[in-house]
Structure formats: structure tokens, C-alpha cells
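Visitor: no FASTA, just this:
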């Protein structure tokens, strides 16, 4: 995997790049729609690729391992073929799901034993078998297995968690180096910087991760309840320490404002369920601001859903029609809303990229944020 930095903003750490994988080129900064179980909810793969221009999507090791299972994925030739998605895929190792299953898991040095949320059966994830699972899934970018500490947690817990994550990372790297891709294309492994909101631990983790010389690096354990300013401060600290010639991925973040602020701080890649989850509840992100399409005020609004959005459906259909679909319980409502939100997010990072090239990223960001974050 090759990463090129093509432009840097003169007034911030924002940069525009190009990430080359065997399934295609990714132009950064980039937002990755979340396709947890092999599908981005409510959107067809053709719409993702052709209508809104998604360049990479995210899958999840925990969910794909449980269903459809490794036998099916192996027989299918990996997730790309199984889902008919031709472009790059990144898989989250399942560390965040382990974090979210606090009442159903036990963490030990060897790994994590957990109960399936589907049928209650018991399973164990170790650094080694998580790499093996991601080999079977066949993602272009695979993530190291980590523990995501809760927020808040005391310094001692965060330190012990971080040291465990580093020991697991060494085991992940060893397993990755001693195994081969299964489907004829290359895979790369990204380690994850942890350390909660403790600057000392984040520095230690970033130094350790940077020393491993991996093709890219991730920042985890943020957007788990900490104040936004703490998230920005930790992101800024860590990006300054990670190699400038490798992509930096901030996991699970976030709102449009979060994306723009963290691009300014040197982040290249993002994922979050927010645009798709909120879409299914009728919350739209538009270039005019945030819309609750269920509100009465949109009942007879025949303006396009978002006239500035690149998604054809957002220009073809009106807000009144979309509200009607939601009030009527029609499935098309979730589809149109999801296309709107994902298109907005991808348009946003494309515009950010262009303003990095223009050298005016910071003033553009400062001018656009009050508009897109206001509630209509």
C-alpha cells in the first residue's frame, strides 16, 4: 500500500493525499461508510459507488465472524465477492464490540471470551485468531486487536489496558507477518493508539505505534463520551507524533464538525455510524443545516431534500415527499435519507480536500461550520 501526501494546508496540519490499494485508489481525507455486517444499511452497493462516490467501506470482524460465518466467507472468496463490492474494505478487529459488550465478556492476557448477542454462545477472540478471521474476510486494511477503555476510567486502568493492547499488538504483527492473504491481493495491518484521555499514555502509545513502521496508523478510544475539546486535544497530540508519510485513521468519529476539526489536526480517514443511523430516524445533514424531516414544517415544503448535494435522489425528491414517506412508514424513506447523509459526508470531505489544495482550508472550515451545524 502506497500513501502519497499531495498537498498540505499552510495554516494547519490538514493534508490531501492518495492511498493506493489493490482494489483502487482512495483520495484523502476520506469518510468510510460503515457496512458492519457486509452491507451499508438501506443502500445498494451500486448507489454507494456510482451515485455518491464512496471509495472505501468498513466491515466488522465481530459481526461477520458470527454471521454469516467464516465458512461462508471463505467459500465466497472473501467479503468483496460475497457482497459484490469492488472497491477497498477496512475491517474493525472487534475491539470496540468487546468494549460495548462489557456485561458479556471477560478480558484476559490470552484474549477475550464473550457471549454472542445473537444466540448467547461463547467465543474467544485472541490477537492471533482475529488476524486469521480478517484474512478470511479479506479486507484490504485490517486492524490490530485492542482493548478500548471506557470513559471515564482512572489512570491505573487506562495504563494497564494500554499495556495489554501493546502486547496484543506485538502478537497481531507476528501473526500477520507469518500468514498470507487468501485471495490474491495484498492486505495491510494498522495498529491502534490507545490511552484514554491521559496525555502521558497517548504519547507513550503513539511512540510505540510509530516505532513499528506499519503502512498506516489508527487512533482509537475516542468519541466514547469524553468532552469534545478533550477529543480534539488528544487527536492533535497524537497526529503530531505519528509518521507524516503514513495515513492516520481516527476511529468512530463523528459529526460533520468533528470531521472538519480533526482534518485540521492532521487526520486522513474517518468512519462513524452517525450519518446512517440518524438517517433511519429522519435526521438529515444538509448544506443548509440539520433537518428533522418528521417535523410538521416540512409537510408542504417542495424544495429539494438538498439542492447542493451530489446524490441525484436528493435533488429529485422534495422534503415534503420524504416526510410523507417517514410518516407513512415506507422503507424508501430510510433509503433516501441514508443516501442524503452519506452523500453529504462524502461531499464534505471532497470539499475539504479541494480547500487544502487551495491553501484556504481553515477560513473555509470556519465559514462553513455555523451553516451546516445549525438546526433548521
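Guide: It's in. The model shown is predicted, which means the values in this text are computed figures rather than measured ones.
Visitor: list the contacts for residue 184?
Guide: Not one residue lies near residue 184 by Cβ atoms under 8 Å, 6 or more residues apart in numbering. In this view, the C-beta of every residue, glycine as well, is placed from N, C-alpha and C.
Visitor: per-residue confidence at it?
Guide: In this model, residue 184 is scored at 97, pLDDT.
Visitor: looking at this, it is in a strand?
Guide: No. Using DSSP: H, G, I helix; E, B strand; the rest coil, the assignment for residue 184 is coil, not a strand.
Visitor: now it: how far from residue 23?
Guide: 11 Å (Cβ to Cβ, to the nearest Å).
Visitor: Over to residue 197?
Guide: Relative to residue 23, and taking Cβ to Cβ, residue 197 is found at 35 Å.
Visitor: What are the contacting residues of stretch 134-142?
Guide: Applying Cβ under 8 Å, 6+ apart, the contact partners of stretch 134-142 are 1, 21-23, 56, 59, 61, 64, 70, 73-74, 77-80, 88-91, 93, 131, 143, 176, 179-183, 185-190, 216.
Visitor: where's that stretch relative to the chain centroid, distance-wise?
Guide: 15 Å (Cα atoms, centre = their mean, to the nearest Å).
Visitor: End to end on it, go ahead and measure it.
Guide: This stretch, stretch 134-142, spans 6 Å end to end (Cα to Cα, to the nearest Å).
Visitor: Also stretch 240-258?
Guide: Rule used - Cα to Cα; the end-to-end distance of stretch 240-258 is 18 Å.
Visitor: average pLDDT across that stretch?
Guide: 97.
Visitor: What's the PyMOL syntax to select whichever of the contacts of stretch 134-142 are buried?
Guide: Remark: buried members of those, expressed as a PyMOL selection using 16 or more other Cβ atoms under 10 Å:
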select buried, resi 1+21+23+56+59+61+64+70+73+74+78+79+80+88+89+90+91+93+131+143+176+182+183+187+188+189+190+216
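Visitor: Which ones among the contacts of stretch 134-142 map onto helices?
Guide: 61, 64, 70, 73, 74, 79, 80, 131, 176 (DSSP state H).
Visitor: contacting residues around the second one?
Guide: What that stands for is residue 64. Applying Cβ under 8 Å, 6+ apart, one finds that residue 64 lies in contact with 37, 38, 73, 79, 91, 133, 137.
Visitor: ditto for the fourth one
Guide: Applying Cβ under 8 Å, 6+ apart, one finds that residue 73 lies in contact with 64, 79, 82, 136, 137, 138.
Visitor: count of residues packed around the last one?
Guide: Here the count is done by other Cβ atoms under 10 Å, and residue 138 has 26 residues near it.
Visitor: cool, and the fourth one?
Guide: Applying the criterion other Cβ under 10 Å, we find 20 residues in the vicinity of residue 136.
Visitor: ok, and the closest non-adjacent residue to it?
Guide: Sequence neighbours aside, residue 70 is the residue nearest to residue 136 in space, at 4.8 Å (criterion: Cβ to Cβ, 6 or more residues apart in numbering).
Visitor: my guess is the one you found meets residue 133, correct?
Guide: Yes. Contact criterion Cβ atoms under 8 Å: residue 70 and residue 133 qualify, at 6.5 Å.
Visitor: residue boundaries of the strands in the stretch 151-300 of the chain?
Guide: 188-190, 192-193, 217-219, 248-250, 269-271, 283-285, 290-292 (DSSP state E, counting those that start in this stretch).
Visitor: Tell me which residue is most central in this protein.
Guide: residue 271 (1.7 Å; Cα atoms, centre = their mean).
Visitor: Would you mind stating the distance between it and residue 216?
Guide: With Cβ to Cβ as the criterion, residue 271 and residue 216 are 14 Å apart.
Visitor: Next: residue 50.
Guide: On the measure of Cβ to Cβ, residue 50 and residue 216 end up 27 Å apart.
Visitor: Then residue 151?
Guide: Residue 151 is 25 Å from residue 216, by Cβ to Cβ.
Visitor: and the closest residue to residue 283 other than its chain neighbours, what does it touch?
Guide: Nearest residue to residue 283, sequence neighbours excluded (Cβ to Cβ, 6+ apart): residue 292, at 5.9 Å. By Cβ under 8 Å, 6+ apart, the contact list for residue 292 reads 282, 283, 284, 375.
Visitor: OK, contacts around the closest residue to residue 57 other than its chain neighbours?
Guide: Closest residue to residue 57 apart from its sequence neighbours, by Cβ to Cβ, 6+ apart: residue 35 at 4.5 Å. By Cβ under 8 Å, 6+ apart, residue 35 lies in contact with 57, 58, 59, 83, 85.
Visitor: Taking those together, which two end up most distant?
Guide: Greatest spatial distance among the contacts of residue 35 (Cβ to Cβ): 58 and 83, at 12.2 Å.
Visitor: For the stretch 251-376 of the chain, just list every one of the helices.
Guide: Secondary structure of the stretch 251-376 of the chain (DSSP state H, counting those that start in this stretch): helices located at 256-264, 274-280, 312-316, 319-328, 331-358, 361-372.
Visitor: The longest one: how far from the chain's middle?
Guide: Translated: helix 331-358. 14 Å.
Visitor: Distance to residue 108 and pLDDT added to the contacts of residue 64, as a markdown table?
Guide: Output for the contacts of residue 64, formatted as a markdown table (distance: Cβ to Cβ, whole Å; pLDDT from 0 to 100):
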| residue | distance to residue 108 | pLDDT |
| --- | --- | --- |
| 37 | 27 | 93 |
| 38 | 30 | 94 |
| 73 | 27 | 98 |
| 79 | 29 | 98 |
| 91 | 23 | 98 |
| 133 | 19 | 98 |
| 137 | 24 | 98 |
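Visitor: Could you dump the residues you listed into a markdown table and include distance to residue 253?
Guide: Compiled in a markdown table, the contacts of residue 64 are given as follows (distance: Cβ to Cβ, whole Å):
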| residue | distance to residue 253 |
| --- | --- |
| 37 | 21 |
| 38 | 23 |
| 73 | 28 |
| 79 | 24 |
| 91 | 18 |
| 133 | 25 |
| 137 | 23 |
